[in-house]
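> Okay, here's the prediction I keep looking at, along with the sequence it came from:
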Amino acid sequence: DDDENEADEVDDEENDDDEDDDSEADREITFRSPAKLKRNKNQATMDSDSDSDQEDIDDVDDDYDEDETGNLKWKENLTEKAAQAFYRRKQQNLHALIYGDASAVVTSESDTGKSNESEIEDEDEGDTLFTPKKKKATQQEEVDSSRDALLDSQLEDWEDNDMLESVRNLFVTGQWDATEDAATLLAEHDAAMNKNSDDDDEVFGDFEDLETGEVHAADPEAEETNAEESTQEEKSVEKSREELAKKKAEQKRKFDAEYDGDNNEEKQDYFDEMKESLSKQAAFNRAEFEDMDDETRVKYEGFRPGLYVRIVLRDVPCELIQNFKATNPLVLGGLLPSEEKMGYLQLRFKKHRWHKRILKTRDPIILSLGWRRFQTVPLYAVHDRDARYRALKYTPEHSHCIASLWGPITPPLTGCLAIQTVNSRVKDFRIAATGVVLELDKNVEIMKKLRLTGTPMKIFKNTAFIKEMFTSALEVAKFELASIRTVSGIRGQVKKAIKSPAGAFRATFEDKILMSDIVFLRAWYPVKPPQFYNPVTSLLEGSDEGWEGMKTVGQLRREKNLPVPSNPDSAYRPVERKTRHFNPLTVPKKLQEALPFKNKPKMEKKRKGKETYTSKRAVVMELEEKRVHRLMQQLSTLRNEKDQIRKLANDKARAKKALEQAKLDAKSAARKKTEMKEVYRRLGKEEKKRKFQEQQGAGIRSKKKRKAD
């Protein structure tokens, strides 16, 4: 046994040396060319048959070595094994695969069968329990059953010359059409190449053919043309490069000025940047037009600021020249064609806080709007929540309103100034209001509130005849189905007119109304501002008083000493309401008999004009009785005084005790709150513990039940 072990060790050492040599050979192969690698591979496959027996013996020895040393031999030389497996898979006869030479295919498969078997044995070294079955080499090619089998009689005979000629034109070198074939296209291609070669001669100038020694000269005119074109191209390229460089430098300057500038310098805002750009443009314009005369310069840039111009105005009234004052400057402006039309304007209007009086609707007022000053009659309104413009009699004291007026068309967002007079004799603050134009809409309707009142003429259960609200049946027909209401709050509706009296109608109500009720109807009717436009011509007036437009009604009454007309119905007077006496509640006798005792009336009736015995008798006291009565009054007075003092003392003591009791109650409430918190916390823990125990018990019972099942 010892001799055998020594022999085995010697064999193992020899095998290890062989494997080291193989690994070195592999490393050498990896650095060789692909052709050499292929030759070595073929040589290795030729020697595989002769070494198969020796490999089997080495495999048995390697199994013992793995058991003793613990090294896995199958992990060695993996690169060589992978290369051999790759080339075995790639080793196929393409001619046999394409043209159906079954013997060649079978031969190639049989040649590689042994190497496959040896590789499987190499990979399974060290695992003697599980050995895969060796795949037997098939002697013939497997038939693909998914395709239809073709008989020899169905195949074409490609050895026939006629069959070959029929497919010759299907290839690249054939004739595809009557006008297109390979020979024609090749000839055209050669001609194009020769032409390009001539162009190359023109481009590249003189040259010498080194093979033949022939010298080719270029056309001088073509050279000059090419030189000029190249010069122009170079100039255009240089110009574009310079422009691009300037643009980049300007952008870099702006970027540096914005981000990398000095921290002490203030950052320019948008206004400063625009101002700087305008100044640069102005300087550039001055530099461009500096050498031109004024007439030519005016044609290009117009009249610049600082020039004296002469303006000719036509169709000017003669009063302007007659009453001209050099102390009053004239300001010239222009109007757009659309601003020469007239229409309805909607302004947001507010009385000035320094003006003493509020403004009244339909009072004339002077507006300075855009380039115009004119007098108009505005109509003030407010925008309600139900999208209605409700007319106002006066402007609000400290809020905005809507002013609708007739005047020249003005663009929206144009500001305006309102004054009541341009007379210079007025010493007070003259600016009455300010505003801004909102829109130009003539379809805006301003509604004025109208309240019609009437009285009942005849009353039924829920129906009544109302009079003195309308004057004719036609007005009633216009307001049919309109909502009406009484002062007491009972709602109703207008139905139809009745024959007499004129304007009376039938109405229905929610409840029965009284003859003393007043019925009123709330209505709205549209109003429009008057089309009044009076421009201010103060420069045409020669008097010292100045221009005066239309006066208000109040001014006319003051000038002519006219009293203000008063309508008695509109005057305020004290309201005198008579005390209403209601009849006492009487319960019928039959109903009293049916009522229980506690609900029966028990109040005795007052006796009318009858006096009792106690009220009629007169008591005359003697001297002793008077002395006793006076003494009793004095004692009663003393007792009442003591009771009053005692009551005050008791009230003070009671208040003091109530204060102390309140403090005690507060302490007791705090202590009770703390105790209840502790109680609730303990009860919560107990409840939680009980629920946990119930859950555990339910889980145990369910487990027992599952076990029993």
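Right, received. Where do you want to start?
> the longest strand in the protein is where?
Across the chain, the longest stretch assigned as strand under DSSP state E is strand 446-459.
> Report the buried residues of it.
Residues of strand 446-459 classed as buried by neighbour count (16 or more other CB atoms under 10 Å): 446-448, 452, 454, 456, 459. Using the backbone N, CA and C atoms, a C-beta is placed for each residue, glycine as well.
> Just give the strands next to that strand in its sheet, each with its orientation.
strand 389-391 (parallel), strand 463-467 (antiparallel), strand 519-527 (antiparallel) (DSSP bridges).
> Looking at the ones you listed, spot the one closest to Q322.
The closest of those to Q322 is strand 519-527. By CB to CB, the value is 42.5 Å.
> quick one: contacts of that closest one?
Contact with strand 519-527 is made by 379, 388, 391, 445-456, 466, 469, 479, 482-487, 492, 494, 507, 513, as judged by CB atoms under 8 Å, 6 or more residues apart in numbering.
> Equivalent analysis for stretch 416-432, please.
With CB under 8 Å, 6+ apart, stretch 416-432 has contacts from 347, 349, 351-352, 354-356, 359, 363, 365-369, 433-437, 536, 538, 545-548, 552.
> Give me the buried positions along that stretch.
Buried residues in stretch 416-432, counting neighbours by 16+ other CB under 10 Å, are found at 416, 418-422, 430, 432.
> Between its first and last residues, how far does that stretch reach?
11 Å (CA to CA, to the nearest Å).
> centre of the chain versus that stretch, how much separation?
48 Å (CA atoms, centre = their mean, to the nearest Å).
> pLDDT of it, averaged?
The average pLDDT for stretch 416-432 rounds to 83.
> Likewise for stretch 534-541?
Mean predicted confidence for stretch 534-541 is 87.
> measure it end to end?
The first and last residues of stretch 534-541 sit 15 Å apart, counting by CA to CA.
> what's it in contact with?
With contact meaning CB under 8 Å, 6+ apart, stretch 534-541 is reached by 317, 319-320, 323-324, 328, 330, 364, 366, 372-376, 422, 546-547, 549-550.
> In PyMOL, how would I select the buried members of those residues?
The PyMOL command for the buried members of the contacts of stretch 534-541 (criterion: 16+ other CB under 10 Å) is given here:
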select buried, resi 364+366+372+373+374+375+376+422+547+549
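> mind checking the longest helix of the chain?
Counting by DSSP state H, the longest helix found in the chain is helix 623-708.
> helices or strands next to that one in the packing?
Of the remaining helices and strands, none touches helix 623-708 by 3 or more CB pairs under 8 Å, 6 or more residues apart in numbering; DSSP states H and E.
> picking that back up, which ones among the contacts of stretch 416-432 map onto strands?
Going by DSSP E, the strands hold 347, 349, 351, 365-369, 433-437 from the contacts of stretch 416-432.
> For burial, what's the neighbour tally of L335?
Residues near L335, counting by other CB atoms under 10 Å, number 13.
> List the contacts of it.
Applying CB under 8 Å, 6+ apart to L335 gives the contacts W371.
> Is it part of a helix or strand, or is it coil?
Under DSSP: H, G, I helix; E, B strand; the rest coil, L335 falls in the coil class.
> gap between it and L595?
92 Å (CB to CB, to the nearest Å).
> Fine, thanks again, bye for now.
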